[in-house]
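Participant: give me a 3D structure for the following:
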Amino acid sequence: MRGIANVMKGALAALFLFLSLPSIAAAEVSFQRGQLVFETKGGERITFDVEWALTAEQRARGLMERPALPDRTGMLFDFGETRMVTMWMANTPESLDMIFIDETGRIVRIAERTTPLSESIVASGEPVRYVLEIRGGHAAELGLDKTARLVLPLDLPR
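Facilitator: Below is the predicted model:
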């Protein structure tokens with residue numbers, strides 16, 4: 001009898017945790033806003049209004065469950081150091097372009113039109129400091145490619 005009672009307690013605890021996860025995942029995470037600028041090889045400046053994802057909690061939440069992004073908006077993930085970065089699209093219903101940027105502002109990779117709601121890993125390919133997520137296909141529309149550079153320093157909130 002005691003074994004059955006322990007199994008039931010464990011099953012109830014697991015059920016409670018399972019039912020609590022959606023509310024934990026949906027917890028409101030706030031982001032400060034700002035602007036960043038890329039300069040193209042031809043000297044054109046491309047400005048974005050972005051939300052800053054600076055903390056681990058903000059980076060984990062990202063653009064999950066968000067509607068499509070308007071033009072020239074996005075989210076900049078700052079990892080605080082240069083390292084290999086992996087991203088995914090779980091719970092993100094709209095396609096994104098992921099722009100991987102090193103600490104000097106150089107674009108090292110653009111993952112175009114990522115697959116919505118996918119749990120496939122999107123990797124930086126080499127160490128980066130930042131990732132900018134924008135509407136899928138928008139980088140090509142703006143002429144933003146690997147020859148452009150992020151203008152540094154960024155005016156990040158502290």
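Participant: for the residue nearest to the spatial centre of the chain, give its distance to Asp71.
Facilitator: Nearest residue to the geometric centre of the chain (C-alpha atoms, centre = their mean): Gly62, 4.6 Å. For Gly62, the distance to Asp71 (C-beta to C-beta, to the nearest Å) stands at 19 Å. Backbone N, C-alpha and C define where each C-beta goes, glycine included.
Participant: buried sites along the lengthiest strand in the chain?
Facilitator: For the chain, the longest strand by residue count, based on DSSP state E, is strand 73-83. By 16 or more other C-beta atoms under 10 Å, the buried positions in strand 73-83 come out as Gly74, Met75, Leu76, Phe77, Asp78, Phe79.
Participant: repeat for stretch 132-143
Facilitator: Leu132, Glu133, Ile134, Arg135, Gly136, His138, Ala139, Leu142.
Participant: what's near enough to touch Ile130?
Facilitator: Small correction: residue 130 is Tyr, not Ile. Tyr130 sits next to Leu76, Phe77, Asp78, Phe79, Phe100, Ile101, Asp102, Leu150 when contact means C-beta atoms under 8 Å, 6 or more residues apart in numbering.
Participant: show me the shaky parts of the chain.
Facilitator: Applying pLDDT under 70 to the chain flags the ranges 1-27, 158.
Participant: tell me where it has strands.
Facilitator: So, for the chain - with DSSP E - the strands run 33-39, 45-53, 73-83, 86-87, 96-101, 107-111, 122-123, 128-135, 149-150.
Participant: so which of the ones you listed gets nearest Pro67?
Facilitator: strand 128-135 (10.6 Å; C-beta to C-beta).
Participant: report the angle between the closest one and strand 73-83.
Facilitator: 160 degrees (axes from the mean of the first three to the mean of the last three C-alpha atoms, to 10 degrees).
Participant: what pairs with strand 128-135, parallel or antiparallel?
Facilitator: Here strand 128-135 is paired, per DSSP bridges, with strand 73-83 (antiparallel), strand 96-101 (antiparallel).
Participant: tilt between that strand and strand 107-111?
Facilitator: Using the same axes, to 10 degrees: strand 128-135 against strand 107-111 is 40 degrees.
Participant: show me how far strand 128-135 is from its chain's centre.
Facilitator: Distance of strand 128-135 from the chain centroid (C-alpha atoms, centre = their mean, to the nearest Å) equals 7 Å.
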